[in-house]
Structures are given as C-alpha cells and as structure tokens.
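# Pasted the sequence and its predicted model underneath.
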Amino acid sequence: AINAANNVTINFGRGGRASMVINKFIPFFNAALQGQYSRAQVVGGAARGLKKSVRGESLEGYEDNWKRFFLISAATAAATALYWWFRHDDDDYKEEEGWLKYLYWTFSWDGKPLVRIPRSYEYNFIPSATEAILNKYYDDDPDAMNEATYNEYARSMPNLGPALITPAIEVFSNYDMFRG
C-alpha cells in the first residue's frame, strides 16, 4: 500500500545516487526523470494491455487501465482537433510562438489574449501531435511537426543548466535562453 501511494503521482524518493546528487544542483532534475519514467510505464502498460486484449489473453493486472488510457487519449485528441478547427484560421494563432502554440490552449478576442490554459504536463504529446499533424497537412505548415517535437522534448527534459550558472550567463550575454 505504501509503494502504491508513492506512485500515485511522481515518486520523488525514487532515483539513483547520481540523480540525487545532480538534483542538488539542478532543480527538479529527478522530478523530470521520474515523470518520464511514469509516462513510459503508463504508455507501455496500455500497449501491453491492448496486445493482450487483441490476443484474447487474460488481462489480469491490466483490467481496464489500458482502455482508460486510450479513451482519455482519444478524447484529448478530439478536443484538440475541435480547438484547432476554431483557431487555425485566426491570425493570432498563426503568429504564436511554438512553445505557446503546442504547450497551451490559448483564446483571444479582437487580437488580445484572454485565456491561456496549460495542457497536461506528462501527456502533452497527444494534443501536440494532433495539432501538429493538422497544421502540417491541412494548413501546409512544413515546420509544424519539428516545432511540436522540439517543444515537447524541451519541456519534458530536465534543464541541464545549473540554477546559479544559467541566470548569470543570461545576464552577461543579454540573451533569454527561454525565448531565444
């Protein structure tokens, strides 16, 4: 029961000796790695459950978890496609930077931003891929897939610039590493 409770969200206590040392210098390093590990377990478990179901094998240990994952993924993709349908012709949407377009659902009125809703952190690849595919094939945006992949990778991986060094580099070089 204690192990199950630790794994309800991200288990901050899990990690090797090296990641715990690195985590002292790079904030949230271990949390980023554990989030990716958790996502891999869920997606891998869903794929194994689907394979067992197709083969007609026993689903003991998987039960309905794989169905729940695919149902939520389909609902997220459908909601993103609907959002995209209403926004893709809007000039504000077309001019948004990649990090804003693929990490948030944004709503504006008369050229002014109203609401910015962050997408799911660990499972953002589903709406990002949906939106990028629609942008690439419907709006003929050749960079859509690369932009979505880059933003997903940059968001999901830990920032390797130590917390004390990165701000100093930004100040001395007068360069914002977040916005480029």
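Nice, I can see it. Numbering: from 1, shown residues only.

# so where's this protein uncertain?
For the chain, the stretches with pLDDT under 70 are 1, 3-8, 61-64, 161-162, 164, 180.

# Next, give phi and psi for the residue nearest the centre of the chain.
Central residue of the chain (Cα atoms, centre = their mean): residue 124, 3.1 Å from the mean position. Backbone torsions for residue 124, taken as degrees, to the nearest 10, come to phi -70, psi -20.

# And the strands in the protein?
Secondary structure of the chain, counting by DSSP state E: strands at 104-109, 112-118.

# Check which helices and strands the lengthiest helix in the chain sits against.
Secondary structure of the chain per DSSP state H: the longest helix is helix 29-55. When contacts are defined as 3 or more Cβ pairs under 8 Å, 6 or more residues apart in numbering; DSSP states H and E, helix 29-55 packs onto helix 17-25, helix 65-87, helix 144-156. (Glycine included, C-beta is placed from N, CA and C.)

# Which parts of stretch 87-107 count as buried, going by neighbours?
Neighbour-count burial for stretch 87-107 flags 87, 93, 96, 98-99, 101-103, 105-107 (criterion: 16 or more other Cβ atoms under 10 Å).
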